[in-house]
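S.K.: just the structure for this:
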Amino acid sequence: MARISAISGCVVAAVAALIILPAKAESDSSYAPVALKEDFTETLQRMIGDKRKVMKRHNRHLEERYDLSDRSSTSGATMSGGKAIQVGVRVLLGKKMSWEKLASLSPDDVRGKGLWPKGFLPLPHPNHPEGGMLFPKFHIDEVLRQEQRDLTRFDLDFAMPEHFLPEFPAPIYLTTRKDLGDVSRGQLVTLMNYYELFDGILNPKQLEGLRLLVTPFPQQQFNSTADRRSAEPSRGVSCLDCHANGHTNAATHLAGDARPQNFRHRIDTPTLRGVNIQQLFGSQRALKSIEDFTEFEQRGAYFDGDIVIAVKKGVNILERGSQVHAMAEFQSILDFPPAPKLDLLGHLDSEKASESELRGQALFFGKAQCGSCHQAPYYTDNLMHDLRTERFFEPQDVQGRMAMGDGRSRPFLFAVSAIHRRTFTMGGS
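M.R.: Purely as a prediction, here's the structure:
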């Protein structure tokens, strides 16, 4: 009995010691909280109440960075579906600064004097600590009309003006059927119409891949759990909700690459056009195939890169040999739009291009050195590059997003490539 009493005394002493130890300070974790501490109704009411303040702050931040006015090209240059292209430099400078003066300064001077334009700092998510998928209203409205599936978030609205966004619905061009031109027939491809539009154009494997790409699956903000960001339980999000018609609608999200939350990159969804010639995918992850990226998205990135939350919210485990491969095969036949002013080597035909376009090309391949990385004919070299932007500014918090040097990355060269092709042509996109 004495021995048991002694042991009991040790246990009591140990427990007492634990009780009086100072609590561990909270710190950022790689994992999102799994157990909820707030009822869904309370979360809904709180975030709806905060929404106006959050959006006002983000819109003010955009206006401090950019000229957001609608300035369409008067040259007749349009996207491939006919939407007008915006022109002009949109990053704002300080009142006493000019581009010529800024260009004359060394990186050390720019950094030391705090002269780096705000518009060149990484852009945060509208609510960076929260993050998550956020869709433009025109896409939300069309999906709701076709599928009765609502992609509205109760806590945030899409903020970028529509005149800066890709045309909608975007035309679809296929490497396998160049003779058909735009095969979308002016429609947003969804689960409701994909078969009607593509039966007889795709082979059965590609058709099955497209079906999976337009099938909604649970996602971090759109699912049936109580920590969703849709007012009602949701069937989820499809791959082509962001990569609309195999292109993009500029839907916003945060990359799953980094932790903690304030180090994560904002994503403005890149196009899938031309992934057939792409060798690296993603930003800092640098996944090595479109199959890798497709599988990664479903297993982790749909849930902000958190495999624990993926299990909680309903992860869709794709079978690599059939489903993933079929999805990748369809993505790999998405082609660039026609570029009638470019020759076989990806340069402007001097007889078709305007004087202004030729000046732009000379700058692109000359003084600006864009062509050093964005090499013709596809305007990518399929490598990772470190632009060392930290040369120009001190690390700083920008609306909850830590702006600092990001190391080697491949920030969606194909999205940039599409812009170059659009700039050099009348009919590119």
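S.K.: so, low pLDDT: which residues of this protein?
M.R.: Per-residue confidence for the chain (pLDDT under 70) gives these ranges: 1-27, 283, 407-429.
S.K.: how about the helices in it?
M.R.: Secondary structure of the chain (DSSP state H): helices at 2-20, 40-65, 99-104, 107-112, 137-147, 194-198, 204-213, 239-242, 290-299, 307-313, 325-331, 355-365, 413-424.
S.K.: quick one: closest of those helices to residue 121.
M.R.: helix 40-65 (8.0 Å; Cβ to Cβ). No exception for glycine: its C-beta is placed from N, CA and C like everyone else's.
S.K.: off-centre distance for that closest one?
M.R.: Counting by Cα atoms, centre = their mean, to the nearest Å, helix 40-65 is centred 20 Å from the centre of its parent chain.
S.K.: now do stretch 254-267
M.R.: Averaging C-alpha positions (Cα atoms, centre = their mean) puts stretch 254-267 11 Å from its chain's average.
S.K.: what does it contact?
M.R.: By Cβ atoms under 8 Å, 6 or more residues apart in numbering, the surrounding residues in contact with stretch 254-267 are 28-30, 122-125, 128-129, 131-132, 252-253, 282-285, 300-301, 304-306, 397, 400-402, 404, 406.
S.K.: would you mind listing which of those are buried?
M.R.: With burial judged by 16 or more other Cβ atoms under 10 Å, the buried subset of these is 123-125, 128, 131-132, 252-253, 282-285, 300-301, 304-306, 401-402, 404, 406.
S.K.: with just CA atoms, put stretch 76-93 into CSV.
M.R.: Extracted C-alpha coordinates of stretch 76-93, given in CSV (Å, rounded to 0.1, in the frame of the first residue of the first chain):
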residue,chain,number,x,y,z
GLY,A,76,-9.2,47.2,-83.5
ALA,A,77,-7.1,44.6,-81.5
THR,A,78,-9.4,42.2,-79.6
MET,A,79,-9.4,38.9,-77.9
SER,A,80,-10.2,35.9,-80.2
GLY,A,81,-13.9,36.1,-79.3
GLY,A,82,-14.1,39.8,-79.9
LYS,A,83,-13.8,41.3,-76.5
ALA,A,84,-11.9,44.6,-76.4
ILE,A,85,-8.3,44.6,-75.0
GLN,A,86,-7.3,47.1,-72.3
VAL,A,87,-4.3,49.2,-73.0
GLY,A,88,-1.9,51.5,-71.2
VAL,A,89,0.3,51.2,-68.1
ARG,A,90,-1.9,50.7,-65.1
VAL,A,91,0.5,50.6,-62.1
LEU,A,92,0.4,54.0,-60.4
LEU,A,93,3.5,56.0,-59.4
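S.K.: near residue 201, how many other residues are there?
M.R.: By other Cβ atoms under 10 Å, the residues close to residue 201 number 13.
S.K.: what are the phi and psi values at it?
M.R.: Torsion angles at residue 201 (phi, psi; degrees, to the nearest 10) stand at phi -110, psi -40.
S.K.: my read: residue 314 touches residue 216, true?
M.R.: No: at 11.1 Å, residue 314 and residue 216 do not qualify as touching, with contact defined as Cβ atoms under 8 Å.
S.K.: of all the helices of the chain, which lies closest to residue 338?
M.R.: When these are compared by Cβ to Cβ, helix 413-424 sits nearest residue 338, at 9.7 Å.
S.K.: how many other residues sit next to residue 57?
M.R.: Residues near residue 57, counting by other Cβ under 10 Å: 12.
S.K.: could you find the closest non-adjacent residue to residue 393?
M.R.: Spatially, and ignoring its direct neighbours in sequence, residue 393 is nearest to residue 116 (4.1 Å; Cβ to Cβ, 6 or more residues apart in numbering).
S.K.: right, and the one you found touches residue 110 too?
M.R.: Yes: with contact taken as Cβ under 8 Å, residue 116 and residue 110 are classed as touching, separated by 5.4 Å.
S.K.: any shared contact partners between the two?
M.R.: Here residue 116 and residue 110 share the contacting residues 392-393, scored by Cβ under 8 Å, 6+ apart.
S.K.: how about the strands in the stretch 251-400 of the chain?
M.R.: Here the stretch 251-400 of the chain has its strands, by DSSP state E, counting those that start in this stretch, at 252-254, 266-268, 396-398.
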